[in-house]
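Colleague: Structure, please.
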Amino acid sequence: MSDKMITMIPRSATEELHVQIKEYKDKKYLDLRIYYTTDNGASWNPTKKGITVSPENIELLKKSLEEAQKEFEGEQAE
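Modeller: Residues are numbered from 1 along each chain as shown. A predicted model of the protein is given here:
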């Protein structure tokens, strides 16, 4: 399997968060990593800033993100 891009989330004009499924030593994992550009977005390079999530922890991450979303939505309602 080759790497699979899920989404790119802009952080600034020169940084993005890349969410990808990657494979290393025959194991798949979710990789969330900051990428940067120095050529106006023609190419993006990974930084050391990021995390990997094993498949068995994706559901926990999903629930955590949903809880965070509820918190932010609650703040907007106030």
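
Colleague: which stretches of this protein form helices?
Modeller: 58-77 (DSSP state H).

Colleague: Show the residue spans covered by the strands in this protein.
Modeller: For the chain, the strands defined by DSSP state E occupy 4-10, 15-24, 27-36, 45-53.

Colleague: and the gap between K62 and E71?
Modeller: K62 is 15 Å from E71, where distance means CB to CB, to the nearest Å. All C-beta spots, glycine's among them, are computed from the backbone N, C-alpha and C.

Colleague: Distance of the closest residue to L61 other than its chain neighbours relative to I34?
Modeller: What sits nearest to L61 in space, not counting adjacent residues and going by CB to CB, 6 or more residues apart in numbering, is V53, at 5.5 Å. Applying CB to CB, the value for V53 to I34 is 15 Å.

Colleague: What count of nearby residues applies to the residue lying closest to S43 once chain neighbours are set aside?
Modeller: Closest residue to S43 apart from its sequence neighbours, by CB to CB, 6+ apart: T37 at 6.5 Å. Using other CB atoms under 10 Å, the number of residues around T37 comes to 14.
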